[in-house]
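S.K.: sequence and computational prediction follow.
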Amino acid sequence: STSLYVKWGSLFLSVVGAYTTNPTLSTWVANNTAPYTRRATSVAIVVVMSNMGGILATWLLGTLSPAPLYRHATITLLIFSILIISMAGMNIAYLRTQNGKKAVVRATTSREDEKPGLGDRSAWFVYSL
């Protein structure tokens, strides 16, 4: 668009989307993994992926897409945003089915019958949706 208002509006939406994703995903991953070593590793992977996204955005906006409109970069980043939303939706569906399977196991066994040290694979570990 050539409208200055549309450009500023899209900038604010982009910034809000970019800076709220990492803390949200880090919290979600930390709440859904156990024990501590797996939790620390998974949160570190989220941070690495987030930093890689920042490097990719700088590379896209700096060299591959001509200023001032950055069309190729905007399209690429929009595709990645759509992908992360769809992957989050698929993860919610997966975690919901896993919670259902764990509920069946909890109904038929006791906590004492389960092996210790299962972490998030325990039937009593309920995933956060």
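M.R.: Thanks, I have the structure now.
S.K.: use CA for all of it now, contacts and neighbours both
M.R.: Noted.
S.K.: pLDDT below threshold where in the protein?
M.R.: Counting by pLDDT under 70, the chain shows no low-confidence range.
S.K.: run the last query once more with 80
M.R.: 1-2, 11, 13-19, 68-69 (pLDDT under 80).
S.K.: so which residue is smack in the middle of it?
M.R.: residue 25 (4.1 Å; Cα atoms, centre = their mean).
S.K.: wait, that one touches residue 47, no?
M.R.: No. Here residue 25 lies out of contact with residue 47, judged by Cα atoms under 8 Å, at a distance of 9.3 Å.
S.K.: before we move on, back to that, quick one, what contacts the residue nearest to the centre of the chain?
M.R.: Applying Cα atoms under 8 Å, 6 or more residues apart in numbering, we find residue 25 in contact with residue 46.
S.K.: can you tell me the element it falls in?
M.R.: Per DSSP states H and E, residue 25 falls inside helix 4-31.
S.K.: after that helix comes which helix or strand?
M.R.: Next element after helix 4-31 (DSSP H and E): helix 36-59.
S.K.: remind me what that following helix packs against, helices and strands.
M.R.: Packed against helix 36-59 by the contact rule (3 or more Cα pairs under 8 Å, 6 or more residues apart in numbering; DSSP states H and E) you find helix 4-31.
S.K.: 10 Å instead?
M.R.: helix 4-31, helix 71-108 (3 or more Cα pairs under 10 Å, 6 or more residues apart in numbering; DSSP states H and E).
S.K.: what sits up against it?
M.R.: For helix 36-59, contacts defined as Cα atoms under 10 Å, 6 or more residues apart in numbering pick out 18-19, 21-23, 25-34, 60-62, 64-65, 73-74, 76-77, 80, 119-120.
S.K.: so what's residue 29 up against?
M.R.: So residue 29 contacts 23, 39-40, 42-43, 45-46, 127-128 (Cα under 10 Å, 6+ apart).
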